[in-house]
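**Q** Here is a sequence together with a model predicted from it:
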Amino acid sequence: MLERRIAARLMARASTFALCGAVFATVAVAADVADTIGGGVGTGTETIVVTGTKFNAEAAPAKASINTTEPQTIITKSYIENLTNPSADYVTVLAIAPSLTGLDVNGPGLSDGNVKNTLRGMPDGNFGMTYDGIPFGDTNGPTHHSASYFPGTTIGSINVERGPGNAGNLGASTWGGSINMYSEVLNPDMGVKASASRGSWNTSTLDLNFQSGDISGLGKTRILADFSGVQTEGYLTNQSMMKDNELLKLESEFAPGWTLTLFANRNNLHQHVSDKNGATAAQIVTYGKQYSLQKNDPTAPDYYGYNYADKITDMDYVRLRGAVTDWLSIDDQAYTYAYVNKTVTTTSTQQTFSGNALAWKTIGTSLIDPNTSKVTKFANDLPGYTKLNAYRVWGNVFRASADFTAGPVTGQIRAGVWWEGQATERQRYYFDVTKCAAANCSPFHQAWLYADASNKSASTDPSLYQGRYGVGYLEHTGWNQIEPFVEVELHPIENLTITPGFKYIDWNHTVDPNSVISGTTTTATTGCAGNKCQGPAFYNGTVTSFTTSRPLYFATANYKIEPNWSTYFQFATGIYVPDISVFEQQKPNTFPAAMTTVNYQFGTVYYADNFSIDADVYYIAAKHNYTYSNCVSDPSQQCATDTGDATYKGIEGEATYNLSDLGFDGVTIFSNGSLNSAKSGFAQLKNAPYWTAAAGLIYDLGDIRFSLIDKTVGQQYMDNASANGTRTLGADGQPFYRLPAYSTLNFTTAYKFAEHFEVSVSVNNLLDDRSLVSTSGTDGKDSTGVGAAMSVSDYMHRPTSTDQYYFQSSRSFQVSLKAKI
């Protein structure tokens, strides 16, 4: 029944999807990646050409290209489709790469709350993400939402670039690297694939995939359509989710040497989740590690019906590329993408032990009469808020490349320009959840009628925003940015490629002066003692826009020692462009300095007939390094802190060995790992593991396939050190917020039968490791005194802390049936 409901919903949405006149757009794949991996109709990033060896690159789940100029890991469609969970999103898939971490505490791909990757100890937002070359991310800071964009079924391959790339690599924060995802390659032959799965926590998935092949009478014109859906109750209590995704792609070689690509993707998600997604130590002791929401007590803030989110996203592009002459080519892309998040949640989900389970009620609350300024007290009512984050981004990238010969030197000049604009609305309204529920009100349309005067936004100035009460913030922001770039690929001698490059950033942010701004104290117009409010007010700063302008320089080199062995070097400067938090300051008449970096990397790649190996060392010097933590004024929001100078350095490597030469046909083993230092001063930064390691065994021969793959994330801190390098200490005198290493071992097996069918089983977290993987909040409570906790992991002795805990989800399984025609 569940699969039929998902299928019916998908078909209904697909019909609408196919009829809508989508605006199509894209950014081109960076030229060096396209040259290295492939381009044009019917080709893509799945195949790496390795000259002079018989090594099967598809057998390696993660590897680098022989032509790369920076540390790189390429993940193919076969790994995504065959060796990961059917519900996996890109966070789950990416965990295989060295220096990358990421998992979903609600189960693989089953939540969009607090699910992020880190790379080399850098949080999401300090490295870029692209899909088919389009840089995407939130407009209030370039972070990402894994369940809202591009499920695993829509990913044809991934190129993880652990470096800034070259001048043509685009994005707001590419200094830390780029995770480049690509849609599925369009094949010349017609094909249909269908899969369905069922598993733990009533999780069901469905995917329908159609490829037209070359359409008769239209030459090399091909169409891809993919419709997928996921529904689950989730590992965490009552944290359910349902989503569907529709993708259409058309590619046509309409004239010799000219290709047109049209692409459209839609994603719709509904989930029950608190905006504060973790459980407190007291909740864990009382209800267990699995606790999130409950359905039994509507007077409590963690009631299922009061905490939910709806998200809709889209991405569309049109791309035209071709050869103008035998030496000049152009590539032009226009694109748009959007994200709309409507969240309803209670202000506090904190509970203590069962004997004092409703202690939150002692905070009291009140309601402002919308027709007067009268305040009525409702001591047992629940405060809550609605949250909107909605933006539309549009842009265009033009690239041109020209081959040349100058005496003994050959090469290619690549130049272009990236333009992008966007408009964003972010808002929060505080309201009395109890009164709203009793009146059966619509929170997103009537919350202001139930403004809660105990919240700072309503109590400071009841005349905020056109007479509507309870405004937390209402921001209208935007940007316009342009980035011209040029690079020259030189071949001065045989087997040597040198590519210097230059890019200029001109990025202008704006804010509507009538906005009500989030953040700390802002300058107000009326109604506040000393002309200051301890909460939001009309924006009255002297800065209504600011522009970040900076030149960036690049230089890379690749030398092939042998046809199957190369070495490379990279130098690059980088920048993290300040985001809209610039306007969310105490006195917004200045703005923070941009984070700038200098990157140095050196590495080597080697392929033999039966094995591959690559390794690298890196060093990144950052000025004005920003980290994010819960705001003091509003713990549900993230505030940036400039930690000063920071240094990222380390060693990475990966290797794959096919054991067929030892008589073990179909058997492949692989491993990768990293040693990572991410320090400000002499102290490791928060959420920055000291090391990562992965290893696996894969058997794939005939009709049988199975794999065992383990990923281990090293110890890390959940807090930043103070200026003198000290951290919060536990009762034993050791750092209180230090987490030990944890591992995830996954198992998959499959059997092919009747030529076109396959049944498979996947087990996530085979050893049922329930380790603590993250916390938010660092109140330090219960870390001293009699009976105090030794560390943050000692949650049994933290009855008063409001820190929130996130554990690895328990062992789970899914059984899948696939058909391919």
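**A** Sure, I can see it. Predicted model only: the values in this text are computed from it and were never measured.
**Q** For residue 677, list each beta-bridge partner.
**A** residue 649 (DSSP bridges).
**Q** Where do the strands of the stretch 151-300 of the chain begin and end?
**A** Per DSSP state E, counting those that start in this stretch, the stretch 151-300 of the chain carries strands over the ranges 157-161, 178-182, 191-199, 203-211, 220-232, 241-255, 258-271.
**Q** who's in contact with the most centrally placed residue in the chain?
**A** In the chain, the centroid-proximal residue (C-alpha atoms, centre = their mean) is residue 144; its distance is 3.6 Å. Shown in contact with residue 144 (C-beta atoms under 8 Å, 6 or more residues apart in numbering): 116, 124-125, 129, 136-138. No exception for glycine: its C-beta is placed from N, CA and C like everyone else's.
**Q** what's the answer for residue 221, then?
**A** 214-215, 250-254.
**Q** same question, residue 603
**A** Here residue 603 is in contact with 64, 68, 70-71, 567-568, 614-617 (C-beta under 8 Å, 6+ apart).
**Q** Top of the contacts of residue 221 by number of neighbours, please.
**A** With neighbours taken as other C-beta atoms under 10 Å, the top of the contacts of residue 221 is residue 251, carrying 22 neighbours.
**Q** which SS state does the residue nearest to the centre of the chain fall under?
**A** Of the three states, residue 144 takes coil under DSSP: H, G, I helix; E, B strand; the rest coil.
**Q** picking that back up, now the contacts of residue 144 in JSON lines, with secondary structure, neighbour count and distance to residue 816?
**A** Below are the contacts of residue 144 laid out as JSON lines (DSSP: H, G, I helix; E, B strand; the rest coil; neighbours: other C-beta atoms under 10 Å; distance: C-beta to C-beta, whole Å):
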{"residue": "116", "secondary structure": "coil", "neighbour count": "18", "distance to residue 816": "27"}
{"residue": "124", "secondary structure": "coil", "neighbour count": "26", "distance to residue 816": "29"}
{"residue": "125", "secondary structure": "coil", "neighbour count": "23", "distance to residue 816": "34"}
{"residue": "129", "secondary structure": "strand", "neighbour count": "27", "distance to residue 816": "27"}
{"residue": "136", "secondary structure": "coil", "neighbour count": "22", "distance to residue 816": "29"}
{"residue": "137", "secondary structure": "coil", "neighbour count": "23", "distance to residue 816": "31"}
{"residue": "138", "secondary structure": "coil", "neighbour count": "21", "distance to residue 816": "33"}
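**Q** still on that earlier bit, mind putting the strands of the stretch 151-300 of the chain in CSV, mean pLDDT and distance to residue 489 included?
**A** Shown next, in CSV, are the strands of the stretch 151-300 of the chain (pLDDT from 0 to 100; distance: least, C-beta to C-beta, whole Å):
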stretch, mean pLDDT, distance to residue 489
strand 157-161, 95, 17
strand 178-182, 95, 19
strand 191-199, 97, 36
strand 203-211, 98, 34
strand 220-232, 97, 28
strand 241-255, 96, 25
strand 258-271, 96, 22
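**Q** can you list those strands in TSV and add distance to residue 546?
**A** Shown next, in TSV, are those (distance: least, C-beta to C-beta, whole Å):
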stretch	distance to residue 546
strand 157-161	29
strand 178-182	25
strand 191-199	49
strand 203-211	45
strand 220-232	41
strand 241-255	36
strand 258-271	32
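**Q** Which one, of the ones you listed, ends up nearest to residue 754?
**A** If you check each of the strands of the stretch 151-300 of the chain against residue 754 by C-beta to C-beta, strand 191-199 wins as the nearest, at 14.2 Å.
**Q** Using PDB, list the CA coordinates for the closest one.
**A** Below are the C-alpha coordinates for strand 191-199, written out as PDB (Å, rounded to 0.1, in the frame of the first residue of the first chain):
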ATOM      1  CA  GLY A 191      16.400   1.500 -21.000                       C
ATOM      2  CA  VAL A 192      14.000   1.300 -18.000                       C
ATOM      3  CA  LYS A 193      15.000   0.700 -14.400                       C
ATOM      4  CA  ALA A 194      12.700   0.300 -11.500                       C
ATOM      5  CA  SER A 195      13.400  -0.400  -7.800                       C
ATOM      6  CA  ALA A 196      11.500  -0.600  -4.600                       C
ATOM      7  CA  SER A 197      12.600  -1.300  -1.000                       C
ATOM      8  CA  ARG A 198      11.200  -1.900   2.400                       C
ATOM      9  CA  GLY A 199      13.000  -1.900   5.700                       C
END
